[in-house]
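Q: the following block contains a protein sequence and its predicted model.
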Amino acid sequence: MFDRMTLQVLANHARAAAENMAHTLHRTAHSAFIKETQDFTVMLMDRAGDTFAVPMELGATWYPGLTCGRAISMIDDYRPGDVGFTNDPYSGYLATHTPDTHVWKPVFIDDDIVAWTGGHIHNTDMGGAVPASLSRSLTEIHQEGIRFPPMKLVKEGQFDEALLSIMGTNVRKPDLNIGDIKALVGALNTGERKVHTMIERFGKQGFLQGVAALKEQAEAQARAILKEIPDGEYIFADYADEDSDEANPCRLKLTLRINSDSAVLDFTGSDPQLSSSLNVPSGGDPRHTILMVGVFYVLYTLNPKILLNTGLTMPFTCIAPEGTVLNPVWPAAVGMRSLTCARLRSVIFGAFSQAVPDRMPAAPAGNNCIVNVMTRDERTNKTVIAAVNPVVGGGGGMPMRDGTNGSGADAAYLKNTPIEITETEVPVEFLKYGLACDSGGAGRWRGGLATEMAFRVFAPDTRITARNRDRSFFRPWGVQGGHAAGLSDMMVNPGTDREKRLGDIDTAILNPGDVLEIRSAGGGGRGNPTEREPWRVLRDVQRGQVSLDAARDDYGVAIADGAVDEVVTTGLRAAAQPHQEHFHFGPERDRYEQQWTPEAYDHLTSILLSLPTHWRFFTKTEIFRRMPGRAGATGVAAAFDEVCERFGDLPRPAPDLVDAAE
């Protein structure tokens, strides 16, 4: 058995090893998206493929609970020097969209596999229908680029050149892909050496026992957090703006049940599998890391000293019915699962916000938009495809401070690329890149400000993909009297007679001189805005973060000649009527739910779940078309009756289900 001190020493060694892996990849990667934005992960895994160590300094923070076990088992006969890889979301449910290439390498001691090193990178492009491979409008996995089921990328130390040639033939920038993949394999080799060093110190059996103990400690820490939360059932729902080009909302619903030191996350009532790429390929795994990302953030918020490894997942069970947006059936498109995952995290945050209201923040922006440009560089006569910058909004207001501006909360790992580097690598001219005034939700603790960016292009037929466009209709919510945040937006040629607002459209074709402007959403506010100290509001105004009008209207603070007018402010605040409910969603959602009440949407999803998978999205769309002038569950039932009459081949559910609304 490991004593507490020795176990902490092992934990420090393991994390240091993971940090070294991350630095190796960061220093040797080829694409700006890896070496600047840092959309990658690395980890150490035990014999079963469960993660037991991740870095904290570099890379994405999604995957401390990742397990590669199912993918690992799909390859036979591992030998020293082998490296497996996959990017197929439906083979082992490891990769979750095609640009994410996952790799893993066995670590041998005396012909025995004692651990695995692993990681993933987001390739700039994997081929498919659009540059960068991802768009909401895609309808099946085959459109999202070339896919590789789990197979050996490296055999006993030698890359499979035929496999790399196949990849290179099918992607738009093969040098970037292959360069990044080889850099990732180099990181795995670094991790392998570090594992050998740990085994030299702790011994083979000591190492194996210690890794198991690390997972057990993380599980115990997670259970201790849950025991501090009142038992109960906490229900929350949130929406993505558009489910497809049909532009109906997509609802995610969570029923969080906490019982002592365990919890169930039941996503029954979420939308059916979509005919767009917003589906999340979880494979029904009750502890799939992509369903658990929001939980990791919550646990770390409640105890920043927890160990980040797969043990954290053990107290939790996720329920995601097959054929729904969180557990689609092949060949559903999944490329934009990151948009849905952002809303998934918001849903988890909202449920826990009810369970522990004094310790949870308001909603983060939840639309980490990744902007890719494919254009012709006249300086080199070459085609360029690159991610120019993430446009990530602010964090929600915290219990004791404002939300982080520009890159807060659950998307803070996406680093911005310096403008000078982007303009060197991509022929665009940046006109704006900064924080948007009045975009954070008003509150005692203000929500973090949105990011806004504008750039001009110079070549004809410049193709833009801006994945994860969302929150242009449903706002990030405020809590405990705080206000919902400002909405996102995207437009071409703003302020001209050729201005065109794109909303949540995520692709565009620009021509010489065109300007694209994108703004993220902000973070929700926390607490009554009229309880914010006037000096803080004055400082916000002086910094350009809050306008004079918003200071007066939202915070009840009058500012004249650069100072707070105490008399007028006292009057404004005395007349203010604070929002009383726990959540503030904003007028758009309030209006929407007058028609689509929670009961109406529950009835809709119950009907859809009773239908064969291939009828669900079609039926949802047809019901939405018939809802104008109707409201509530009875309106849904009437609309569904019309759909059944119009389409005779539609299988009707049991009468008691249809009549449940009456």
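A: That came through, no problem. Please read all numbers here as calculations on a predicted model, not as lab measurements.
Q: so how far is residue 329 from residue 90?
A: 9 Å (Cβ to Cβ, to the nearest Å). The way it works is simple: take the backbone N, C-alpha and C, and place the C-beta from them, glycine included.
Q: neighbour count: those two, which is higher?
A: residue 90 (17 against 14; other Cβ atoms under 10 Å).
Q: can you confirm the more buried one is in a strand?
A: No: read with DSSP: H, G, I helix; E, B strand; the rest coil, residue 90 is coil and lies in no strand.
Q: contacts only, for it.
A: 141, 281, 283, 330, 331 (Cβ atoms under 8 Å, 6 or more residues apart in numbering).
Q: how close does it get to residue 332?
A: In terms of Cβ to Cβ, residue 90 sits 9 Å off from residue 332.
Q: what touches both of the two?
A: 141, 281.
Q: so where's the protein shaky on pLDDT?
A: Within the chain, the stretches with pLDDT under 70 are 1, 409, 654-662.
Q: can you check which helix is longest in this structure?
A: Ordering each helix of the chain by length in residues (DSSP state H) puts helix 174-202 first.
Q: mind listing what's buried in the helix or strand just after it?
A: The helix or strand immediately downstream of helix 174-202 is helix 204-227, counting by DSSP states H and E. In terms of neighbour count (16 or more other Cβ atoms under 10 Å), helix 204-227 has its buried residues at 207-223, 225-226.
Q: same check on stretch 233-248?
A: For stretch 233-248, using 16+ other Cβ under 10 Å, the buried residues are 234, 236, 237, 238, 239, 240, 241, 242, 243, 244, 248.
Q: same check, this time on stretch 140-151
A: Judged by neighbour count using 16+ other Cβ under 10 Å, the buried positions of stretch 140-151 are 141, 143, 144, 145, 146, 147, 148, 150.
Q: need the contact list for the first one.
A: Applying Cβ under 8 Å, 6+ apart to residue 141 gives the contacts 89, 90, 98, 147, 330, 331, 332, 333, 334.
Q: let's see that with 7 Å instead.
A: Residues in contact with residue 141 (Cβ atoms under 7 Å, 6 or more residues apart in numbering) are 89, 90, 330, 331, 332, 333, 334.
Q: who wins on neighbours among those?
A: Comparing those by number of neighbours (other Cβ under 10 Å), residue 333 comes first, having 32 neighbours.
Q: residue contacts, the residue nearest to it when sequence neighbours are not counted?
A: Leaving aside its sequence neighbours, residue 333 sits nearest to residue 277 (Cβ to Cβ, 6 or more residues apart in numbering; 3.7 Å). Neighbouring residues of residue 277 by Cβ under 7 Å, 6+ apart: 134, 135, 136, 138, 144, 333, 334, 335, 336.
Q: which stretch of helix or strand covers residue 277?
A: Following DSSP H and E, one finds residue 277 outside all helices and strands.
Q: could you export the buried residues of stretch 140-151 as a markdown table, including secondary structure and distance to residue 604?
A: Below are the buried residues of stretch 140-151 laid out as a markdown table (DSSP: H, G, I helix; E, B strand; the rest coil; distance: Cβ to Cβ, whole Å):
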| residue | secondary structure | distance to residue 604 |
| --- | --- | --- |
| 141 | helix | 26 |
| 143 | helix | 28 |
| 144 | helix | 28 |
| 145 | coil | 33 |
| 146 | coil | 37 |
| 147 | coil | 33 |
| 148 | coil | 38 |
| 150 | coil | 38 |
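Q: which of these sits closest to residue 542?
A: residue 144 (47.2 Å; Cβ to Cβ).
Q: from residue 639, how far out is residue 590?
A: For residue 590, the distance to residue 639 - Cβ to Cβ - is 22 Å.
Q: returning to what we had before: which secondary structure elements does the longest helix of the chain contact?
A: Applying 3 or more Cβ pairs under 7 Å, 6 or more residues apart in numbering; DSSP states H and E, one finds that helix 174-202 contacts helix 4-28, strand 40-45, strand 100-109, strand 112-122, helix 161-170, helix 204-227.
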